[in-house]
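Enquirer: My questions are about this predicted structure, shown below with the sequence.
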Number of protein chains: 2
Amino acid sequence: MSTQPSSLPTLASQDLLPESKFTILVASDIHLGYAEKDVLRGDDTYTTFEEVLQIARAKDVDFVLLGGDLFHENKPSSKAMTRCVELLRKYCLGSKDIPINVVSDQEVNFNHSYFPVVNYEDENLKICLPVFSIHGNHDDPVGKEPLCSLDTLSAMGLVNFFGKYVNIEKIDVQPLLLEKEENKIALYGLGAVPEERLHRLFLQERVDFIPPEGNSERWFKIFVVHQNRVAHGTKYLPEKFLGNLPDLVVWGHEHESFTEMTFNEENQFYVYQPGSTVATSLCPGESAPKHVGLVHIYYDAENDTNSFLMEPIPLKTTRRLICEDINIDNLLSNRGDRDDDELNQVIFEFIADKIQDVINMAAVEHSGDPREPKEPLIRIRAEYSTDYHHLNPGLFGHRFIGKVANPKDLVMFKCKRNRSNSKDSESFDRGELDELMEFSVASRCNIDDVIYEYFANTDERNKLTLLSEKIMVEAIKEIVEKEQTTDRLAQAVDFFRIKIHDMVTNESAIYSENKEEIEKAIKDAKDKYMRDEARVLKELKHLFTQASQSNGDQDMTIDDNMSDDDFSTGPTVGKSPPTSSQVSTSRARGRGRGRGAGRGRGRNATQSTQGTLDSLISVKRR
Amino acid sequence: MSTQPSSLPTLASQDLLPESKFTILVASDIHLGYAEKDVLRGDDTYTTFEEVLQIARAKDVDFVLLGGDLFHENKPSSKAMTRCVELLRKYCLGSKDIPINVVSDQEVNFNHSYFPVVNYEDENLKICLPVFSIHGNHDDPVGKEPLCSLDTLSAMGLVNFFGKYVNIEKIDVQPLLLEKEENKIALYGLGAVPEERLHRLFLQERVDFIPPEGNSERWFKIFVVHQNRVAHGTKYLPEKFLGNLPDLVVWGHEHESFTEMTFNEENQFYVYQPGSTVATSLCPGESAPKHVGLVHIYYDAENDTNSFLMEPIPLKTTRRLICEDINIDNLLSNRGDRDDDELNQVIFEFIADKIQDVINMAAVEHSGDPREPKEPLIRIRAEYSTDYHHLNPGLFGHRFIGKVANPKDLVMFKCKRNRSNSKDSESFDRGELDELMEFSVASRCNIDDVIYEYFANTDERNKLTLLSEKIMVEAIKEIVEKEQTTDRLAQAVDFFRIKIHDMVTNESAIYSENKEEIEKAIKDAKDKYMRDEARVLKELKHLFTQASQSNGDQDMTIDDNMSDDDFSTGPTVGKSPPTSSQVSTSRARGRGRGRGAGRGRGRNATQSTQGTLDSLISVKRR
């Protein structure tokens, strides 16, 4: 049996074996309910889900295969759930004989379900479009008897929910065996597992793909998974872990939409990453046009071989996202005799012009489909490398209300420091932090965004009370005694914030973007960390000592006194046991989001300590 | 056309006109998901909902009619939603021709729905048991486009959700017109409306029941409603508001289950109150055996008359609730030379014996159905009228774990002061408050319970910080200066708590038992009230002045300086404009829950003010 590129038929040959050909519409990460309270974007996800179902009906596919995150929230709103049900009922119910037999033991495949049977076999429902789905990290089962919205849809008979593991210490992935004429598909699915747990389970050989009985080679094997694909630490699923069982891996969770499959030479399988159908982060990876994939699977009885191809179908309703990087160093270095206000006015107009260009470009690129929203999502990243206390990004919104979908966060300023200043590879560099934050995994971006927003939107006073008042007082003392600038304080806050951020992201319990959950986790981590005040004080003093010994103005070395081996929940980075300093530095650089903490204006800062802080920090503010 | 009692057929005559007879199973307030995290009670609501559906199938009814509150929470858990869907799919789907024609305009009846058609008319669904439901106050639509779980069930085609009003200032109640042979039913429904709003709308003649076209008299008219039935203020729906249009009113929301209908002579209609299928409060009203009602509606073509009867069907799976009142005054007055510990031991054993008696009684009363849980709910109310700082009710739980379903709140102590001490009709009397709190409206009880529990479970320190620290310090000064006992402090806290409680319950925005929502409302009300510190201080001083002038030890007169006309959101009590003093007194007496605030032990009371408070309050504690 071969699934080599050479054996892929062309689209033109599609009707060679029409009777037995499986046609599957593959989509993922539909995120129903994302931004549903946004006036402009509220209905985006529903519109595109409808488009996906319409494509499936128009192409008369055998079934739809979803790679998880059908919902954006683990507990979707009544609106998200109701809209989803309406669309499924509208497009999936109807008169049609589904020519696919399930020949595996459905009691095993759907053992979590009250109705352990594929929906189109229920004689009380007329199903014309079966949907099979695993769950993602957004809509994963929770609770004592873990249940999620897909369980509800499955109970209704609207979705065939599979790949739900019940044992978290040993996962047997059982295939759904589907036959259409003589064509045989083994459909393996594994709903989202916390990354590090799955990584560990694979390393411990506790994940088994159960082969079909009899001649296992006879089956075309598809594996649907919802994990990080891009490497970072142990928080991803290396393709090599999957061995050589699958012929095709459908990779959900990653939001970047690819029109071509990749071939894993070593393991001899293809990977198809459909990407999300909606941009949930303003990342470049999300700005590529969104697609779904029509997968055609053929069986050639004469040679007893399968072949398949994936036909990407562009989505016409997805709201366009355009990300552009610009550099404002020229404007900064050629400021002439402009005062700060004049300089900012020049920069403002420069960026605003760029935004207008992008708006014009988006209009040209519009699909023409009336369902595609007119207002694009735009993200301008304005980089600078010299000292500059930048404009409030919110200012740009006013000019573009009604023209863009995200007036509030059109612009992001990014300080890109010159790396050559940094002699020490373990140095604490905000620019680098920013860089590292921008890996392409959109879902990762999302959680970070929530955490980032938590700090960004919290007013200055709350942000600073990340450190307890006592620690703050000590920090100020240190600054005064060691004649440090107040920048040090911001850096110290950043340092502790990254520590806490790290504790949060390393807690396996946090595996969703549920804002309340994350905020609670942040609070818990903060409380846990700050409980040992003596230790924090020691770390703080060490930070300042290191800083005052250091020559570089931008660096703050963190040595092994800063190791966080107390926090046993955290993973190690890389596979060989790292030294403490490696661990903490890697973390600080690899995962924190080093935005300056000294911006914004504290409100209600009535306490005297706070008053002092405010005046100190205003040195750094514009 | 007649629906007089005299024309009611007997059960024996049921098969006189079998072809055209409507048989409807009426149930209400199923509260799916109530106490779902309780180890013992977690599945109670699902078990009984299944029983209801089984009865409907066994009796081969034409449809099930639900009076609202199918779900306990506005946003049910995945478990509650999934279990509900499983049961509906299991019992409502199947092969059967439904012999009922909907002859009204379904686009009007279901105008809120994406599929504005009764579920059994959808050819893609095989429905053997249609369910019609209005929404209750627990599962009411929320959001900008108001949606609730019933909308989701309706989108699936599992429930026919009707009576959803879209205009909150003018309600036209449109009937579903159902025909079975020559028998004609007009089914009117109105989902829960905030009590005061509906009361006002009726007074303003802004609620219209649209009569069926043509000969309106030809239709048997059922009206399903979900409001308070018992009078208190304007927070209920007077039966007389309904005019003489309906023949039968199905009254949801009230949890007490009645086996007989009542006849409203003035308006010439029957009222059937099925009650809830589960006890959600430990109120005597909830302890009556639970029933659903089988309503048979006949049409006599010869005389062109309808007649009907209601056959109550006891539920066999509902967990038993037994409430008992006992009086411990004898034990208190005959304490002999027992010290406090010995006295409490005697009281403990006396009450524990009573609990054991009730457990034995519950065993005898068990339905014998294996699905009825063995462990009953028990509430012993121990009354006393003399000074007694009672036992912690939690103590009783330890002895009865595994024998009762609610070990934590088996016992409630109740101080029943002698009313004759109170000369002033406007006096502040805790016993009376308790009395007034115990009106039979279970839902009312529930909200109060949540508010009560909020204060009961909050530790002492939080409870006292209901008053700001400054107010507390002033209160202590007053006590010291005016040589008051610390009881006064507790009374002052009570006074303010009732004020705040009142603000909360009078806010029409709070109309559910969602704990978080209520807690937030309490916090908001507290903040709002305490904002005007000068005013609160004035009220406080006045309280103490009144108290020191008063002879009665138990009374604290509240005069018109205490009026709360600043709080314009509150309703008036009664119909004629009350004086300020009437308003505030009535409120204080009518709605507060006057439990003493001086119990429990403050934790983390590190502040000096708090330390003082703790030592003062300990005078009152055992």
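Expert: Happy to help now that I have it.
Enquirer: what about stretch A:183-202, start to end distance?
Expert: Start-to-end span of stretch A:183-202 (Cα to Cα, to the nearest Å) is 31 Å.
Enquirer: Oh, that last question was meant for stretch A:184-197, not what I typed.
Expert: End-to-end distance of stretch A:184-197 (Cα to Cα): 32 Å.
Enquirer: Just the buried positions in that stretch, please.
Expert: Using 16 or more other Cβ atoms under 10 Å in any protein chain shown as the test for burial, stretch A:184-197 gives A:184-197. For every residue, glycine as well, the C-beta is placed using N, CA and C.
Enquirer: Stretch A:134-149 now?
Expert: Within stretch A:134-149, judged by 16+ other Cβ under 10 Å, the buried ones are A:134-142, A:146-149.
Enquirer: Quick check: residues of chain A near chain B?
Expert: Contact residues (Cβ under 8 Å from any Cβ of the partner chain) of chain A with chain B: A:75, A:77-79, A:81-82, A:85-86, A:89-90, A:93-95, A:114-115, A:122-126, A:141-143, A:145, A:147-149, A:151-152, A:155-158.
Enquirer: got CSV for the buried residues of stretch A:134-149, with secondary structure and pLDDT too?
Expert: Formatted as CSV, the buried residues of stretch A:134-149 follow (DSSP: H, G, I helix; E, B strand; the rest coil; pLDDT from 0 to 100):
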residue, secondary structure, pLDDT
A:I134, coil, 98
A:H135, coil, 96
A:G136, coil, 96
A:N137, coil, 92
A:H138, coil, 90
A:D139, coil, 87
A:D140, coil, 86
A:P141, coil, 87
A:V142, strand, 83
A:P146, coil, 89
A:L147, strand, 92
A:C148, coil, 94
A:S149, helix, 95
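Enquirer: would you say A:K414 is within a helix?
Expert: No: using DSSP: H, G, I helix; E, B strand; the rest coil, the assignment for A:K414 is strand, not a helix.
Enquirer: I'd like to check which residues are in contact with the residue nearest to it when sequence neighbours are not counted.
Expert: Nearest non-adjacent residue to A:K414, counting by Cβ to Cβ, 6 or more residues apart in numbering or on different chains: A:E383, 4.8 Å away. A:E383 is in contact with A:325-329, A:413-416, counting by Cβ atoms under 8 Å, 6 or more residues apart in numbering or on different chains.
Enquirer: quick check, nearest of the buried residues of stretch A:184-197 to chain B?
Expert: Distance to chain B across the buried residues of stretch A:184-197 (Cβ to the nearest Cβ) is lowest for A:G191, with 14.2 Å.
Enquirer: Without its sequence neighbours, what residue ends up closest to the closest one?
Expert: Using Cβ to Cβ, 6+ apart and skipping the chain neighbours, the partner closest in space to A:G191 is A:H135 (3.9 Å).
Enquirer: Could I get the contacting residues of that neighbour?
Expert: Neighbours of A:H135 in contact, by Cβ under 8 Å, 6+ apart: A:68, A:141, A:148, A:150, A:161, A:163-164, A:191-192, A:226.
Enquirer: That one and A:Y529, how far apart?
Expert: 32 Å (Cβ to Cβ, to the nearest Å).
Enquirer: For A:A382, pull up the helix or strand it's in.
Expert: strand A:377-384 (DSSP states H and E).
Enquirer: what comes up buried for whichever helix or strand comes after that strand?
Expert: Of the helices and strands lying after strand A:377-384 in sequence (DSSP H and E), the nearest is helix A:395-400. Within helix A:395-400, the residues scored as buried using 16+ other Cβ under 10 Å are A:396-397, A:400.
Enquirer: In the stretch 251-400 of chain A, mark out all the strands, start to finish.
Expert: A:262-264, A:269-272, A:291-300, A:305-314, A:321-327, A:377-384 (DSSP state E, counting those that start in this stretch).
Enquirer: So which bits of the top helix by length along chain A are buried?
Expert: Criterion DSSP state H: the longest helix present in chain A is helix A:340-365. Within helix A:340-365, the residues that qualify as buried are A:343-344, A:346-347, A:351-352, A:354-355, A:358-359, A:362, counting by 16+ other Cβ under 10 Å.
Enquirer: what mean pLDDT does that helix have?
Expert: The average pLDDT within helix A:340-365 is 93.
Enquirer: could you give the angle of that helix to strand A:377-384?
Expert: Helix A:340-365 runs at 140 degrees relative to strand A:377-384, counting by axes from the mean of the first three to the mean of the last three Cα atoms, to 10 degrees.
Enquirer: name the helices or strands packed onto helix A:340-365?
Expert: strand A:321-327, helix A:329-333, strand A:377-384, helix A:395-400 (3 or more Cβ pairs under 8 Å, 6 or more residues apart in numbering or on different chains; DSSP states H and E).
Enquirer: re the thing from before, where does confidence bottom out across the contacts of A:E383?
Expert: Within those, A:K416 has the lowest pLDDT, namely 76.
Enquirer: hang on, that one packs against A:Y384?
Expert: Yes: the criterion here is Cβ atoms under 8 Å, and A:K416 meets it with A:Y384 at 7.0 Å.
Enquirer: Give me the more crowded residue out of the two.
Expert: Shown here are A:K416 and A:Y384; by other Cβ atoms under 10 Å in any protein chain shown, A:Y384 has more neighbours (21 against 18).
Enquirer: pLDDT value on the more buried one, please?
Expert: 89.
Enquirer: Now it: closest residue in space that isn't a chain neighbour?
Expert: Distances taken as Cβ to Cβ, 6+ apart place A:I328 nearest to A:Y384, at 5.1 Å, with adjacent residues excluded.
Enquirer: I'd like to know how far the nearest residue to A:K316 once chain neighbours are set aside sits from chain B.
Expert: Setting aside the residues directly before and after it, A:K316 is nearest to A:D369 in space (Cβ to Cβ, 6+ apart), at 3.9 Å. Distance of A:D369 to chain B, given as Cβ to the nearest Cβ, to the nearest Å: 22 Å.
Enquirer: Before I go, just wanted to say thanks for your time.
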